[in-house]
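Trainee: The following block contains a protein sequence and its predicted model.
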Amino acid sequence: MDDGTAIKVENVSKKYCKSLKRSMLYGVKDIGRNTFGLSSHSDRLRNGEFWAVDDISFEVKKGETLGIIGPNGSGKTTLLKMLNGIFWPDKGKITMKGEVGALIEIGAGFHPLLTGRENIYINAAILGMNKKYVDEKFEDIIKFADIGDFIDTPVKFYSSGMFVRLGFAVAVHCEPDILLVDEVLAVGDTSFINKCYKRLHEIKSDKNAAILIVSHNLYILERFCDKGIFINHGKNTSYGEIHKVIGDYQVVIHQLMKNQESIAAPLLEESCTKDVKITNVKLLTQDGIEKKVFNFRDTLRIKIEYESKDIIHNPQFQILLWSYDGKLISAFGPHLDNLKISNIDKGQGVAECCIEKLPLLANRYYITVGMYDKTRTITLDYWAADTHPELSFGILPNLVSTTMGQMASICHFDSRWLIDGKQLDRT
Amino acid sequence: MKHTTEKITTYEPDNSLRKGYRFIFGEIFNELKKNRWLIFQLFKRDFFTIYKQSFIGVLWAVVIPIVSVGTFIVLNQSGVFAIGDIDVPYPIYAVLGMAFWQLFSTGLIASSNSLVSAGSMITKINFSKKSLVIASTGQAIVSFLIQIFLIVILFVYYGLKPNIAILLIPITMIPMMLLTLGLGFILSILNGIMRDIGKIIVVLMTFLMFLTPVLYAKPTTGILATVTKYNPLYYLVSVPRELVLKGTISEWKGFLIASIASFIIFIICLIVFHLTETRVAERI
């Protein structure tokens, strides 16, 4: 452990019991065994138990940040609690070097009847700070919380935002060698969240602290972490450099979303009148070749083939472009450019949307295609990506995404640079 | 700024067993020493909040003794219940007895509930749980101190003078406090796992109070006399009371045995708590 390793987790497992009554019984048994100096044989599963965390190993060095991702109930918080020593692993070994600070629940131990000021002392004591230290940091804490006169009001009259502000203000003022952060930053307004991350950054750089963050916010993880671990059903599914882990996570999450949406999407498709039926959608290159993968700045031609039962006046087309994790990137449609389609004839037809100089960076994307009546209140037909996998496509890495590395974004717009009024030329 | 020797913590199944029993006392001692301020803060929190949203506030501490003693006076005068021969004014005898008794009962009820009522704190933060149990018994000490005022008023009313031996009172209270704390440790854990324990304690406390000569004189005949003879709680209540009223200790032998027993119970319970406290967070 002299190589700067702050956290070492070796084959750690933790079991849980699903039944409350059984859990009581097992609890009494374990306590009984521990009392008489017997091993609790925690490495075996008893009836009704399951592994909530299963054989997880990783290491975090000083100054490093590890992000933990995984769907709900995958064992992230359990893992964090074991690292904090709230309870012990049932198998394996955890070694922590240095003082540990944890932001697992904000404002735990706050008493609703006491004022903010009084609660600061109690909360700080619970978090392991001593009196001298709190006295020193007291003004900083109040300043960080920034809740004005409310500091002398009983906490029960606080808004949930103020509560979190005060709780976080206390918690981030311990200066640990290892900081464990659970999904606690979800509340609070943007400016406060920014302040919190700035503070985490300070702790990381000033104290060379090792930080562990559990979050569902991939954007924050990508910006903030060096390494990542993706836990699914308590098992280590992917571990290593943060981008790789996020990528693996997205694949699994997309698979999950697909399974869920396949129930919802047919409903949406059922609500279509089908006066016009979309018969095919093709993603084509400039030269009209059907492809699944495109390059940055390519031209993307989306060809929609349809069959109409009747003449339709002023129909509307809409294509939505989505990122892999479900963020809407852009919408396309004649109406958005203030254009009108006068009518489409009975029988087969083709509509084509041509997007030039695609500004998308390496990732996976998908589109949805919809045809509507002139008021856009009635859906004639709709194709979603989960029932029509041909609507998804990928963008290959290019110079921009490679150069950007850590900061990889979704889009990249063309820009010109002028230095002292003189345009920079490409060399 | 830089630590000269960095603290290395390891977590493994059956951690304490691995390390061996001989380290336990050192661990417990260091933990309590480190957390003195925390204990005080937790105690302060309980103290300031328990009566905060109430009109008569701390005076609630004297309501229970007054009502209980009052009931017994009425029962005695109407001949339903015989208090027995007591050579001091009964109210003083009874209120004193209640004060020492409540140190035990209030303390035990508070401490056995301390982990459960802390709730999410236990499951979300790693802090010294011993401090929580210890701080919770502080409530009992506060009520005791408030009841002293009631006792002083009674002394003045009956024109009695306290004996100089009263200074020994704090020492004679120690065994009772150790017993309370020890049992509190164990029961708080068990209550954390099975909520039945908390309910049983409340019922048991009422039962034990009537079984122990707190509000009546020591019985001389019958089954209750035998029970009292072997009831350590009797000695822990009656000896400090006798010391206040008469300045003597007549049953020192029983008191000594009860004290040693209390001390042993305290040590055993503390060790068991130390070995099993991490089991609570996962089951509470």
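Mentor: In hand now; what should we look at?

Trainee: since we're on the residue of the stretch 101-250 of chain B found nearest chain A, how many residues are nearby?
Mentor: In the stretch 101-250 of chain B, the residue found nearest to chain A is B:K124; the distance is 3.6 Å by Cβ to the nearest Cβ. From N, CA and C alone the C-beta is placed, and that goes for glycine too. For B:K124, the neighbour count with other Cβ atoms under 10 Å in any protein chain shown is 23.

Trainee: One more: A:N295?
Mentor: By other Cβ under 10 Å, the residues close to A:N295 number 14.

Trainee: Can you verify my assumption that it contacts A:G394?
Mentor: No: contact between A:N295 and A:G394 fails when scored by Cβ atoms under 8 Å: they sit 10.2 Å apart.

Trainee: If you count neighbours, what's buried in stretch B:39-56?
Mentor: The neighbour-count check on stretch B:39-56 (16 or more other Cβ atoms under 10 Å in any protein chain shown) flags B:39-47, B:50 as buried.

Trainee: For that stretch, give me every contacting residue.
Mentor: The contact list for stretch B:39-56, computed with Cβ atoms under 8 Å, 6 or more residues apart in numbering or on different chains, reads A:111, A:113-114, A:118, A:121-122, A:125-126, B:32, B:57-58, B:60, B:131-132, B:134-136, B:138-139, B:142.

Trainee: Taking those, please make a ChimeraX selection of just the buried ones.
Mentor: In ChimeraX, a selection of the buried entries from these looks like this (16+ other Cβ under 10 Å):
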select /A:111,113,114,118,121,122,125,126 /B:32,131,132,134,135,136,138,139,142
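
Trainee: Could you find the closest non-adjacent residue to A:K207?
Mentor: When the adjacent residues along the chain are set aside, A:K207 lies closest to A:E175, with 5.8 Å between them (Cβ to Cβ, 6 or more residues apart in numbering or on different chains).

Trainee: what kind of secondary structure is the one you found in?
Mentor: coil (DSSP: H, G, I helix; E, B strand; the rest coil).

Trainee: Now for it: which residues touch it?
Mentor: Per Cβ under 8 Å, 6+ apart, neighbours of A:E175: A:99, A:101, A:203, A:207, A:209.

Trainee: could I get stretch B:81-98 in CSV with only the CA atoms?
Mentor: Output of stretch B:81-98 as CSV, limited to C-alpha atoms (Å, rounded to 0.1, in the frame of the first residue of the first chain):
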residue,chain,number,x,y,z
PHE,B,81,-52.5,-0.8,49.7
ALA,B,82,-50.3,-0.8,52.7
ILE,B,83,-47.1,1.1,52.3
GLY,B,84,-45.5,-0.4,55.4
ASP,B,85,-43.5,1.1,58.2
ILE,B,86,-41.4,4.0,57.2
ASP,B,87,-39.7,6.2,59.8
VAL,B,88,-39.4,9.3,57.6
PRO,B,89,-42.2,11.4,56.0
TYR,B,90,-43.5,9.1,53.2
PRO,B,91,-43.4,11.7,50.4
ILE,B,92,-39.7,12.2,50.9
TYR,B,93,-39.1,8.5,51.0
ALA,B,94,-41.1,7.9,47.9
VAL,B,95,-39.9,10.8,45.8
LEU,B,96,-36.3,10.0,46.6
GLY,B,97,-36.9,6.4,45.7
MET,B,98,-38.5,7.4,42.4
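
Trainee: The stretch 301-427 of chain A: strands as residue ranges?
Mentor: Along the stretch 301-427 of chain A, the segments classed as strands by DSSP state E, counting those that start in this stretch run A:312-313, A:316-323, A:328-332, A:343-344, A:347-355, A:363-372, A:379-383, A:392-395, A:418-419, A:422-423.

Trainee: Count the residues that sit near whatever residue of the stretch 251-400 of chain A ends up closest to chain B.
Mentor: Closest residue of the stretch 251-400 of chain A to chain B, Cβ to the nearest Cβ: A:I253 (26.6 Å). Residues lying near A:I253 (other Cβ under 10 Å) number 20.

Trainee: A:E59 too?
Mentor: 18.

Trainee: Can you point out the helix or strand that includes it?
Mentor: In the assignment (DSSP states H and E), A:E59 maps to strand A:49-61.

Trainee: helices or strands up against that strand?
Mentor: strand A:5-17, helix A:76-83, strand A:91-97, strand A:210-214, strand A:227-232, strand A:235-241 (3 or more Cβ pairs under 8 Å, 6 or more residues apart in numbering or on different chains; DSSP states H and E).

Trainee: Grab the CA positions of that strand and hand them over as CSV.
Mentor: Below are the C-alpha coordinates for strand A:49-61, written out as CSV (Å, rounded to 0.1, in the frame of the first residue of the first chain):
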residue,chain,number,x,y,z
GLU,A,49,-30.5,-14.3,1.0
PHE,A,50,-28.9,-13.0,-2.2
TRP,A,51,-25.6,-11.3,-3.0
ALA,A,52,-26.3,-7.5,-3.3
VAL,A,53,-22.7,-6.9,-4.0
ASP,A,54,-20.9,-9.8,-5.6
ASP,A,55,-17.1,-10.1,-5.9
ILE,A,56,-16.1,-6.5,-6.6
SER,A,57,-12.5,-5.5,-6.8
PHE,A,58,-10.9,-2.2,-7.6
GLU,A,59,-8.2,0.3,-6.5
VAL,A,60,-8.2,4.0,-6.3
LYS,A,61,-5.0,6.0,-5.9
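
Trainee: if we can go back for a sec, in strands only, show me the contacts of A:E175.
Mentor: Among those, DSSP state E puts A:G101 in strands.

Trainee: Tell me the one of the contacts of A:E175 nearest chain B?
Mentor: Closest to chain B out of the contacts of A:E175 is A:E99 (6.6 Å), distances taken as Cβ to the nearest Cβ.

Trainee: From B:I28, how far off is that closest one?
Mentor: Applying Cβ to Cβ, to the nearest Å, the value for A:E99 to B:I28 is 20 Å.

Trainee: ditto for B:Q53
Mentor: 36 Å.

Trainee: and what of B:V80?
Mentor: The value you get for B:V80 to B:I28, if Cβ to Cβ is used, is 49 Å.

Trainee: more crowded one of the two?
Mentor: Using other Cβ under 10 Å as the criterion, B:V80 and B:I28 rank with B:I28 on top: 16 against 8.

Trainee: In terms of helices and strands, where is the more buried one?
Mentor: Assigned by DSSP H and E, B:I28 falls in helix B:24-34.

Trainee: can you give me how far the helix or strand that that helix is followed by is from the chain middle?
Mentor: Per DSSP H and E, the first helix or strand lying C-terminal to helix B:24-34 is helix B:36-50. Offset of helix B:36-50 from its chain centre (Cα atoms, centre = their mean, to the nearest Å): 17 Å.
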